[in-house]
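# the amino acid sequence is not available; the structure is as follows:
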């Protein structure tokens, strides 16, 4: 019996196709409780409308090719399997110029551990609904997935979010309903707010100048959570924000419409 339905763009031949950095929304009406692909397992949560839903992230660094996505029962039995084709997203490189003191900033004590703990947590209640909103109206100065150079030197890192142009002090809005789990001022991330939207979806907003929420607050899509700035490892006022599916940074461009500041008209 076929239980699997994956909600992604498909080719004319019915193949399940996703690009590096995107998310597979795995839906099933059957008894599967987990989905598994290439060693990664995500939970499938019961939905109010019936069936189950889980978010399978495809990391930006995932090699293009074909992978088996399995639906797994509570006893570990594979109930169904589908081939997923991962396409090359053709991420470009981008150089960021920082002053020496900014480039040499070190993380605050516990900064990376606290962020990692936030990203690893998966809560039971789904707060988010699509479509998500934009955190502010500014155009995009840096897209997801670009290979970052810092002052001309490769960092070995990709850009795990989106940078949007924003004047200092612009209100930053929650992209979806959720619970605020992280409000901290860090050396690298700067002023940071992290929101748990439930069932594996989280968002983070960096380099904020001020906060408008406290940890534990319940927020709704469009609520102000802080104000843009240039704190942390930043070279000018802007907003860096990221979406995470089960702890993996994924392309916000799959969820919201974004206009490049450098698009030709």
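Ah, there it is. Computed from a predicted model, the values in this text were never measured in an experiment. Residues are numbered from 1 along each chain as shown.

# pLDDT of stretch 40-50, averaged?
Here stretch 40-50 scores 96 as its mean pLDDT.

# check the offset of that stretch from the chain's centre.
Stretch 40-50 sits 18 Å away from the centroid of its parent chain (C-alpha atoms, centre = their mean, to the nearest Å).

# could you tell me the end-to-end distance of that stretch?
Separation of the first and last residues of stretch 40-50 by C-alpha to C-alpha, to the nearest Å is 25 Å.

# quick check: domain ranges of the chain?
Here the domain parsing of the chain from automatic domain parsing is 5-87, 97-254.

# quick one, longest helix in this protein?
helix 111-120 (DSSP state H).

# just checking, next helix/strand downstream of that helix?
Next helix or strand after helix 111-120 toward the C-terminus (DSSP states H and E): strand 140-142.

# tell me which other helices or strands that next one touches.
Helices and strands touching strand 140-142, by 3 or more C-beta pairs under 8 Å, 6 or more residues apart in numbering; DSSP states H and E, are strand 162-165. Where C-beta positions appear, they are placed from N, C-alpha and C, glycine not excepted.

# what helices and strands are in contact with the strand it packs on?
Contact analysis of strand 162-165 by 3+ C-beta pairs under 8 Å, 6+ apart lists strand 140-142, strand 238-245 as its packing neighbours.

# what's the closest of the domains of the chain to residue 263?
Taking C-beta to C-beta, domain 97-254 is the member of those nearest to residue 263, at 8.0 Å.

# what about that closest one, average pLDDT?
In this model, domain 97-254 has an average pLDDT of 96.

# that one spans what distance, first to last residue?
Termini of domain 97-254 sit 28 Å apart (C-alpha to C-alpha).

# residue numbering should commence at 38 henceforth.
Okay, residue one is now 38; in that scheme the one you just asked about reads as domain 134-291.

# can you give me how far that domain is from the chain middle?
Using C-alpha atoms, centre = their mean, the offset of domain 134-291 from its chain centre is 9 Å.

# what kind of secondary structure is residue 138 in?
Here residue 138 is recorded as helix under DSSP: H, G, I helix; E, B strand; the rest coil.

# quick check, residue 287 in contact with residue 280.
Yes: proximity of residue 287 to residue 280 meets the contact threshold set by C-beta atoms under 8 Å, at 5.4 Å.

# distance of residue 291 from residue 249?
Distance of residue 291 to residue 249, given as C-beta to C-beta, to the nearest Å: 27 Å.

# make that residue 136, sorry
Applying C-beta to C-beta, the value for residue 136 to residue 249 is 28 Å.

# about what we covered before: mean neighbour count for the domains of the chain - can I get that in CSV?
Formatted as CSV, the domains of the chain follow (neighbours: other C-beta atoms under 10 Å):
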stretch, mean neighbour count
domain 42-124, 17
domain 134-291, 18
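
# mind putting these into a markdown table with distance to residue 300?
What follows is those, written out as a markdown table (distance: least, C-beta to C-beta, whole Å):
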| stretch | distance to residue 300 |
| --- | --- |
| domain 42-124 | 19 |
| domain 134-291 | 8 |
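
# can you list the strands that the strand ranked longest in the chain pairs with?
Longest among the strand segments of the chain by residue count, using DSSP state E, is strand 115-124. Using DSSP bridges, strand 115-124 pairs in its sheet with strand 53-56 (parallel), strand 102-109 (antiparallel).

# that older thread, who wins for proximity to residue 53 among the helices and strands packed on strand 199-202?
Nearest of the helices and strands packed on strand 199-202 to residue 53, taken as C-beta to C-beta: strand 275-282 at 16.4 Å.

# who does the closest one touch, helix- and strand-wise?
Short answer (3+ C-beta pairs under 8 Å, 6+ apart): strand 275-282 packs on strand 89-94, strand 199-202, strand 238-245, strand 285-287.

# show me what the second one is in contact with.
Meaning strand 199-202. 171-173, 175-181, 275-279, 289-290, 295, 298 (C-beta atoms under 8 Å, 6 or more residues apart in numbering).

# sounds good, over and out.
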